[in-house]
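Asks: Fold the following and give me the result.
(one chain, ligands or ions: 1)
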Amino acid sequence: MDITFDHVSYTYQPGTPFAGAGLRDVSTTIRGGEYTAIIGHTGSGKSTLLQHLNALLKPTEGTVTIGDRVITPTTNNKHLRPLRQQVGMVFQFPESQLFESTVQRDIAFGPENFGMGKDEAAQLAADTAKLVGLPDDVLGRSPFDLSGGQMRRVAIAGVLAMQPSVLVLDEPTAGLDPAGRRDLMALFAQLHREQGLTIVLVTHQMDDVADFAEHVLVMDGGALVKEGTPREIFADAEWLQAHSLALPTTTRMAGELTERGFHFDRVPLTLAELADGLAPQLGGSLDE
Ligand SMILES: Nc1ncnc2c1ncn2[C@@H]1O[C@H](COP(=O)(O)OP(=O)(O)OP(=O)(O)O)[C@@H](O)[C@H]1O
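Replies: A predicted model of the protein is given here:
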C-alpha cells in the first residue's frame, strides 16, 4: 500500500495568533514494502508528517492518498477506523500508554476493540508477544513489572497485533541502552524482511538510516528538502551540515581516512563496506 502526499501543507492553530506551519507543500510517495527513514533537526516537521500517514491530522491544503483512501482538508472523521488498523503508529515512549492489568490483555486490547473474539485475541496476543521476542511467562504479568525494554516490546506488540501493513516508528529506540537499541532495530528489520511490512522510521540515528533504510526523506522547516537512497543522501557532507544533520559513523571515518591518503570508490555507509574499501589498500583482506 503506497501513501502519496500531493502538495500537502499543514498549519497548526490556523487563524489564531499561534498559527504555525507544520508542513509546507510536501509531495512524495512512501512506497508499500519499502523501509523509509525520515530525518531532520528538531521542529522540522517529522512528527507532523507522520500524523498524516493515518489521518490523525488532515492536510490544511493538498491531499494524502493512503492506499485507496484520499484524505483532503474536508474529509470527515467517519470511516477512518480501517486506516488506523492498516497503519500502525508507535509513538515516542509508547510504554507510557500501557494500561491493562496483564501483558496479554494489553496486547489483545486493540484486536478486541475491533471486534475479535476474546479467545482469538488472546491467541493472537501470545503469538505477537513471541514475534517481538517476549518470553512466554510475561503474558500473565503486569506490564508495569517489566524492564523498560520489555515494556516497549509490549507496546509494539499491541500495535502489531492489529496486523497493520505499515508500521510507523517515531524514535522507537529513544532512552534504551545500546544493546536494547540494537535488538529493537534488528526486530524491525526482521519484520520488514520476513513479513513484508512497510516501515516508516523517524530517527536522529544516522547509523540506523545507513544500516536499514532503503529510502530517506529529509525535512527542514516543514518542507521536504531532499529524498533519495541513503547513499545519495550521505554523499554530500557539506549539505547535511548546512541542514544540521550528521553523517553515519562509518562515512565520517571514511572522510577522515581520505584526508590521510586513503581512497574509496564509493562512500562506505556500513562497517562491512568500509572494511571492503580498506582491505585492498592495506594489502589484504580484513577477514584474514
Ligand atoms: N501542537 C502544536 N501547535 C503549534 N505548533 C506546533 C504543534 N506541534 C508542532 N508544532 C510546530 O510545527 C513545526 C513542526 O513540528 P514537528 O513536531 O512536526 O517537528 P519534528 O521534526 O517532529 O520535531 P522533533 O524532532 O522535536 O520531534 C514546529 O515548528 C513546531 O513548533
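
Asks: Give me the distance from stretch 172-182 to the chain's centre.
Replies: With CA atoms, centre = their mean, to the nearest Å as the basis, stretch 172-182 stands 14 Å off its chain's centre.

Asks: touching the ligand at all, it?
Replies: No. Using CB under 6 Å from any ligand atom, stretch 172-182 never reaches the ligand; the gap is at least 10.2 Å. (Glycine included, C-beta is placed from N, CA and C.)

Asks: Which residues of the stretch 1-150 of the chain lie near the ligand?
Replies: So the stretch 1-150 of the chain meets the ligand at 12-13, 20, 22, 40, 42-48 (CB under 6 Å from any ligand atom).

Asks: out of those, which are buried?
Replies: Buried members of those, scored by 16 or more other CB atoms under 10 Å, are 22, 40, 44-48.

Asks: State the mean pLDDT of whatever helix or strand Ser47 lives in.
Replies: Assessed by DSSP states H and E, Ser47 sits inside helix 46-50. The average pLDDT within helix 46-50 is 97.

Asks: Enumerate the residues of the stretch 151-288 of the chain near the ligand.
Replies: So the stretch 151-288 of the chain meets the ligand at Gly222 (CB under 6 Å from any ligand atom).

Asks: go again using 8 Å as the cut-off
Replies: Counting by CB under 8 Å from any ligand atom, the positions of the stretch 151-288 of the chain adjacent to the ligand are 170-171, 202, 204, 219, 222.

Asks: Helix, strand, or coil at the most centrally placed residue in the chain?
Replies: Nearest residue to the geometric centre of the chain (CA atoms, centre = their mean): Leu201, 1.5 Å. Three-state secondary structure (criterion: DSSP: H, G, I helix; E, B strand; the rest coil) places Leu201 in strand.

Asks: what's the distance between it and the ligand?
Replies: As defined by CB to the nearest ligand atom, to the nearest Å, Leu201 lies at a distance of 13 Å from the ligand.

Asks: what's the pLDDT at that residue?
Replies: 98.

Asks: And Gly283, by the same measure?
Replies: Note for Gly283: predicted pLDDT of 76.

Asks: rewinding a little: isn't the residue nearest to the centre of the chain right up against Ile30?
Replies: No. Taking contacts as CB atoms under 8 Å, Leu201 lies outside contact range of Ile30: 11.1 Å.

Asks: Common neighbours of those two, please.
Replies: Thr36 (CB atoms under 8 Å, 6 or more residues apart in numbering).

Asks: Could you pull out the strands in this structure for me?
Replies: 3-12, 20-30, 35-39, 61-66, 69-71, 87-90, 166-170, 198-202, 215-220, 223-228 (DSSP state E).

Asks: Of all these, which one is nearest Leu245?
Replies: strand 35-39 (6.2 Å; CB to CB).

Asks: Strand partners (parallel or antiparallel) of the closest one?
Replies: Strand 35-39 sits in its sheet next to strand 198-202 (parallel), strand 215-220 (parallel), going by DSSP bridges.

Asks: any idea of the mean pLDDT for it?
Replies: 98.

Asks: Output it as PDB, nothing but the C-alphas.
Replies: C-alpha atoms of strand 35-39 as PDB (Å, rounded to 0.1, in the frame of the first residue of the first chain):
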ATOM      1  CA  TYR A  35      11.800   0.900   4.500                       C
ATOM      2  CA  THR A  36      11.700   4.700   4.600                       C
ATOM      3  CA  ALA A  37      13.600   6.900   7.100                       C
ATOM      4  CA  ILE A  38      12.600  10.500   7.800                       C
ATOM      5  CA  ILE A  39      15.300  12.700   9.200                       C
END
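
Asks: Between strand 223-228 and that strand, find me the angle.
Replies: Relative orientation of strand 35-39 versus strand 223-228 (axes from the mean of the first three to the mean of the last three CA atoms, to 10 degrees): 140 degrees.

Asks: Good, wrapping up.
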